[in-house]
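Student: Have a look at this fold, sequence not included:
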Ligand SMILES: Cc1cc2nc3c(=O)[nH]c(=O)nc-3n(C[C@H](O)[C@H](O)[C@H](O)COP(=O)(O)OP(=O)(O)OC[C@H]3O[C@@H](n4cnc5c(N)ncnc54)[C@H](O)[C@@H]3O)c2cc1C
């Protein structure tokens, strides 16, 4: 039996594909959504550690755009058509109540990504989108300057227009294995080389392993190359068995990756960013005085988390048994520098499997930002992570998917 012809076929049932399919149908098109997994939105379910950081509460579109770096301006139309507030309203109307947490992060009140996914799949049903899961698209067949059909593991599907929303390559076990890049390339599109972004870093120093599991709250981490500071962030980080992770490391990973291509990269951790050198020195002196009869190794409990103390004591070179009141100024100075500039050296970024998003993708110059339509193929659109846009943590990446998915779906339905 041959499949009926659709107005629009959307390939990839992640956040961008679901929004595109639903919006196209809401605007009157006959839509089919093809997804290779047995369920839609597998990555969405993992997002925000299973809680789904739906978007950011940052309402100023310029700030949202700037968060995406130099490519961000591509998003002006998409964010104008479907803003952060539109996203929040959309989910609220679908029955997902939202709340704002630290860092302007918007989550469902239920803390369940599953509720976000269920709301979307119910909406797709209401809009009468035909969803075909377990359907791997193999290729797009072009006739002249138009895509005619897709070939898939479930047969051929014909449509008037096609929207590719197959995602990037991050966490490919969720289905996003980069298939869309190959199709786009074959169709003549340029692909900015996909690299992992928002990804933890591997470090060279053995002491880091002793700290695995230790989370650092409110620290400042600076990136150095050849003694020059290239970036710094304030916030939370996490020591792991391979190196460092946590929000500020993930957000700086793109920069670290770029610098690593040119040479070695050093991270300097300021464990006490609220105190400058003289203030911290005064604090250390006070602590050592208070603990005057204690061994040095037992005198840092008020200053540092327990797990960090043996590492800092070892690195300071100070005799751990030395009485606190016998520590010399020179020794104190060493300690001071360790606390303000704990240095570790990056060996590499972890790969796509451990990344949150992919940087790179479909070259934006070949897409119309007002419609998401390909400038090369008349009836082809792209949306979501497959395009050359990636933002920081905090709901920005999903917002990009909602906005570009919305725009692709509504404009393809015209
Ligand atoms: C662990 C983790 C946590 C995250 N947390 C957040 C968060 O809290 N907030 C945030 O903003 N962002 C978060 N992100 C990023 C966000 O989830 C992604 O940016 C977003 O899912 C991308 O959406 P997409 O629709 O473009 O692609 P995807 O979600 O990757 O969906 C693409 C879909 O296409 C399907 N597909 C691929 N190839 C084919 C094919 N050949 N045939 C048919 N179907 C195909 C895939 O199976 C997949 O379902 C997180 C990412 C990860 C990995």
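Tutor: Arrived safely, thanks for sending. Remember, predicted model here, so these are calculated numbers, not experimental data.

Student: where does the chain come near the ligand, residue by residue?
Tutor: Residues of the chain lying close to the ligand (Cβ under 6 Å from any ligand atom) are 11-17, 34-37, 42-44, 46-48, 52-53, 136-137, 165-167, 170-171, 175-176, 179, 356-357, 384-385, 395-398, 401. Glycine gets a C-beta too; all of them are placed from N, C-alpha and C.

Student: can I assume residue 314 sits in a helix?
Tutor: Yes: counting by DSSP: H, G, I helix; E, B strand; the rest coil, one finds residue 314 located in a helix.

Student: circling back: the residues of the chain next to the ligand, buried ones only, as a ChimeraX selection?
Tutor: Per 16 or more other Cβ atoms under 10 Å, the buried members of the residues of the chain next to the ligand correspond to this ChimeraX selection:
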select :11,12,13,14,15,16,17,34,35,36,37,42,43,44,47,48,52,53,136,137,165,166,167,170,171,175,176,179,356,357,384,385,395,396,397,398,401
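
Student: Give me the subset of the residues of the chain next to the ligand lying in helices.
Tutor: With helices defined by DSSP state H, the entries of those inside them are 15-17, 42-44, 46, 179, 396-398, 401.

Student: okay if I get those residues as JSON lines plus pLDDT?
Tutor: Formatted as JSON lines, the entries for these read as follows, by pLDDT from 0 to 100:
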{"residue": "15", "pLDDT": "98"}
{"residue": "16", "pLDDT": "98"}
{"residue": "17", "pLDDT": "98"}
{"residue": "42", "pLDDT": "98"}
{"residue": "43", "pLDDT": "98"}
{"residue": "44", "pLDDT": "98"}
{"residue": "46", "pLDDT": "97"}
{"residue": "179", "pLDDT": "97"}
{"residue": "396", "pLDDT": "98"}
{"residue": "397", "pLDDT": "98"}
{"residue": "398", "pLDDT": "98"}
{"residue": "401", "pLDDT": "98"}
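
Student: Could you identify the most distant pair in the residues you listed?
Tutor: The two members of these with the most space between them (Cβ to Cβ) are 179 and 396, at 24.3 Å.

Student: so which helix or strand takes in the one residue in the stretch 201-350 of the chain that gets nearest to the ligand?
Tutor: Per Cβ to the nearest ligand atom, residue 250 is where the stretch 201-350 of the chain lies closest to the ligand, at 10.0 Å. Per DSSP states H and E: residue 250 is located in helix 247-260.

Student: Run the chain-centre distance for that helix.
Tutor: Distance of helix 247-260 from the chain centroid (Cα atoms, centre = their mean, to the nearest Å) equals 11 Å.

Student: One more: stretch 141-156?
Tutor: When C-alpha coordinates are averaged (Cα atoms, centre = their mean), stretch 141-156 and its chain have centres 32 Å apart.

Student: quick one: contacts of it?
Tutor: By Cβ atoms under 8 Å, 6 or more residues apart in numbering, the residues outside stretch 141-156 that reach it are 2-3, 9, 11, 34, 36, 132, 134-140, 157-159, 162, 187, 377-380.

Student: would you list every one of the helices in this protein?
Tutor: Ranges of helices in the chain, per DSSP H, are 15-26, 42-46, 61-66, 76-81, 84-93, 113-126, 179-186, 207-210, 247-260, 277-290, 309-316, 329-340, 396-412.

Student: Tell me which of those sits most buried.
Tutor: For those, ranked by mean neighbour count under the definition mean count of other Cβ atoms under 10 Å, the leader is helix 15-26 at a mean of 30.

Student: mind showing which ranges of this structure have poor pLDDT?
Tutor: 1-2 (pLDDT under 70).

Student: nearest residue to the residue of the stretch 201-350 of the chain closest to the ligand other than its sequence neighbours?
Tutor: In space, and not counting its chain neighbours, residue 250 is closest to residue 198: 4.4 Å by Cβ to Cβ, 6 or more residues apart in numbering.

Student: Let me know the distance separating that neighbour from residue 94.
Tutor: 27 Å (Cβ to Cβ, to the nearest Å).

Student: quick one, which of the two is more surrounded?
Tutor: When neighbours are counted by other Cβ atoms under 10 Å, residue 198 and residue 94 differ, and residue 198 comes out ahead with 24 against 16.

Student: thought the more buried one was touching residue 355?
Tutor: Yes: the pair residue 198 / residue 355 is scored as a contact, 6.0 Å apart, by Cβ atoms under 8 Å.

Student: give the contact list for the closest residue to residue 65 other than its chain neighbours.
Tutor: On the basis of Cβ to Cβ, 6+ apart, the spatially nearest residue to residue 65 that is not a chain neighbour turns out to be residue 72, at 4.0 Å. For residue 72, the set of contacting residues under the criterion of Cβ under 8 Å, 6+ apart consists of 64-66, 389, 391.

Student: any idea which of the residues you listed is closest to the ligand?
Tutor: Distances from the contacts of residue 72 to the ligand were compared by Cβ to the nearest ligand atom; the smallest belongs to residue 391, at 7.7 Å.

Student: Sweet, I'm off.
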